[in-house]
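Asks: Structural data only, the sequence is not supplied:
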């Protein structure tokens, strides 16, 4: 038996730089993630290079 699950995965990118500090970046990403149900969140990842940072929130747009 094969079960197929169709999901709609999306992402939202948050960026920081020397002009926009990390604490603001993290607060914005956390506020967005808090609007989702826990089971919608696929992953939250981050990256930093020379003072520039990125946080990506991966989530499922519509749950079955």
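Replies: Done, it's in. Values in this document were obtained by computation on a predicted structure and should not be read as measured data.
Asks: My read is that residue 36 contacts residue 61, right?
Replies: No: here residue 36 does not reach residue 61: they are 9.6 Å apart, not a contact under Cβ atoms under 8 Å. The C-beta positions use only the backbone N, C-alpha and C, and glycine is treated the same way.
Asks: So those two - more neighbours on which side?
Replies: Shown here are residue 36 and residue 61; by other Cβ atoms under 10 Å, residue 36 has more neighbours (15 against 10).
Asks: ok, for the more buried one, nearest residue in space, not its chain neighbours?
Replies: With sequence-adjacent residues excluded and distances taken as Cβ to Cβ, 6 or more residues apart in numbering, residue 36 is closest to residue 59, at 5.4 Å.
Asks: Which pLDDT value goes with the one you found?
Replies: In this model, residue 59 is scored at 95, pLDDT.
Asks: Over to residue 3?
Replies: 51.
Asks: my guess is the residue nearest to residue 36 contacts residue 11, does it?
Replies: Yes: the criterion here is Cβ under 8 Å, and residue 59 meets it with residue 11 at 7.3 Å.
Asks: Of those two, give the one with the bigger neighbour count.
Replies: Counted by other Cβ under 10 Å, residue 59 and residue 11 do not tie: residue 59 has more neighbours, with 20 against 11.
Asks: so what's the most centrally placed residue in the chain up against?
Replies: Geometric centre of the chain, nearest residue: residue 57, 0.7 Å, by Cα atoms, centre = their mean. The contact partners of residue 57, taken as Cβ atoms under 8 Å, 6 or more residues apart in numbering, are 11, 12, 14, 29, 32, 33, 36, 41, 43, 44.
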